[in-house]
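Trainee: Give me coordinates for this.
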Amino acid sequence: MAGTSDAVRIIGKLAEYGDLEVIATTTTNYGGDLALSAGADKIIVGRQGVQEIAKLLDINRIDLLVDATHPFASEASINAIKASHKSGIKYIRYERPSIKIPDHVFEVSSFQEAGIMAKKIMEKNLNARMMHLAGVTTLNEIKKTIDPKLIVARILPMVSSVKKCLKIGIPSDNVIAMQGTFSKEFNRALMREYAIGVVVTKESGETGGTHSKIAAATELEIPLIIVKRPIIREMENESVFKDIDHLLKYIVSLFEN
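Mentor: I've put the predicted structure just below:
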């Protein structure tokens with residue numbers, strides 16, 4: 001189960017082993033194209049529930065399910081765990097390592113909390129705008145407390161994502177459609193250009209560019225709010241890897257045996 005830069009790396013490494021057939025699932029065509037270019041033998045695009053995943057496992061005679069979805073895609077991971085149990089397939093998880101959050105950064109448990117905190121910060125500066133660096137799907141929670149006209153959203157360069165931003169009322173001038181990750185310098189330049197008063201992002205780890213976002217906001221003395229990763233209770237008894245090389249060695253050992 002793909003859709004992240006981590007998954008692209010894993011697929012690329014697995015493709016080097018000629019005896020393994022890799023089928024990748026993604027939620028978007030864009031993610032599917034990345035998986036194919038990395039070396040996947042086949043892609044399946046679209047959101048999958050428990051029954052759909054179990055059916056895919058059975059039809060394609062899958063031996064192993066590797067969950068390399070985003071740390072915030074908790075529903076996808078829960079569905080994958082349930083489907084693998086249903087089909088009697090081994091499930092393993094690649095979990096992108098977390099990073100240490102500096103003390104001066106605000107940590108919250110949900111995007112609803114992030115919106116409420118951002119509003120309080122923005123009330124002290126009426127001309128301030130909020131920069132949203134946490135994906136288009138989380139904007140619905142933010143707009144409940146923040147005027148969409150004051151939101152600057154950096155999103156993936158997909159038509160569907162741009163349409164979602166415009167639909168909820170974000171001005172076209174405030175939509176930045178770009179594929180990251182980005183450097184501290186680039187993040188800092190964007191924050192300056194858009195006169196940002198507060199930044200909202202999520203704890204996506206080093207691979208997701210969290211460090212560079214924190215560093216840019218810190219240098220500009222802009223308050224930054226980070227939404228913590230969801231805790232997935234269903235993951236407690238599963239095999240979880242935080243190092244791609246260790247994950248790959250384990251996968252190869254399974255098929256060698």
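Trainee: center of this structure, which residue is that?
Mentor: For the chain, the residue nearest the mean C-alpha position is His70 (4.0 Å; C-alpha atoms, centre = their mean).
Trainee: Report the secondary structure state of that residue.
Mentor: coil (DSSP: H, G, I helix; E, B strand; the rest coil).
Trainee: Grab the nearest non-local neighbour of it.
Mentor: The shortest distance from His70 to any non-neighbouring residue, by C-beta to C-beta, 6 or more residues apart in numbering, is to Thr4 (5.4 Å). C-betas here are computed from N, CA, C, even on glycine.
Trainee: picking that back up, the residue nearest to the centre of the chain: what's it in contact with?
Mentor: Residues counted as contacts of His70 (C-beta atoms under 8 Å, 6 or more residues apart in numbering) are 3-4, 96, 204.
Trainee: will you turn these into a markdown table that also has secondary structure, pLDDT and distance to Ala80?
Mentor: Output for the contacts of His70, formatted as a markdown table (DSSP: H, G, I helix; E, B strand; the rest coil; pLDDT from 0 to 100; distance: C-beta to C-beta, whole Å):
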| residue | secondary structure | pLDDT | distance to Ala80 |
| --- | --- | --- | --- |
| Gly3 | coil | 81 | 12 |
| Thr4 | coil | 85 | 14 |
| Arg96 | coil | 87 | 16 |
| Ser204 | coil | 82 | 19 |
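Trainee: Name the nearest of these relative to Glu219.
Mentor: Of all the contacts of His70, Glu219 sits closest to Ser204, with 19.9 Å by C-beta to C-beta.
Trainee: Nearest residue to that closest one in space, ignoring adjacent ones along the chain?
Mentor: Closest to Ser204 by C-beta to C-beta, 6+ apart is Thr210, at 5.3 Å.
Trainee: Any idea how many residues pack against that neighbour?
Mentor: 22 (other C-beta atoms under 10 Å).
Trainee: Looking at it now. What's its pLDDT?
Mentor: Listed pLDDT for Thr210 reads 89.
Trainee: For the stretch 151-257 of the chain, give me the ranges with low pLDDT.
Mentor: For the stretch 151-257 of the chain, the stretches with pLDDT under 70 are 257.
Trainee: again, only using 50
Mentor: By pLDDT under 50, the stretch 151-257 of the chain has no low-scoring segment.
Trainee: Strands along that one, start to end?
Mentor: In the stretch 151-257 of the chain, the strands defined using DSSP state E, counting those that start in this stretch lie at 151-155, 175-177, 196-202, 224-227, 239-241.
Trainee: To Ile121, which of the ones you listed lies closest?
Mentor: Nearest to Ile121 among the strands of the stretch 151-257 of the chain is strand 196-202; the distance by C-beta to C-beta comes to 4.6 Å.
Trainee: The closest one: partners in the sheet, and parallel or antiparallel?
Mentor: strand 129-133 (parallel), strand 224-227 (parallel) (DSSP bridges).
Trainee: Which among the strands of the stretch 151-257 of the chain is found nearest to Gly12?
Mentor: Among the strands of the stretch 151-257 of the chain, the nearest to Gly12 by C-beta to C-beta is strand 239-241 (16.4 Å).
Trainee: The closest one: which residues count as buried?
Mentor: Using 16 or more other C-beta atoms under 10 Å as the test for burial, strand 239-241 gives Phe241.
Trainee: Same check on stretch 242-257?
Mentor: For stretch 242-257, by 16+ other C-beta under 10 Å, it's 247-248, 251.
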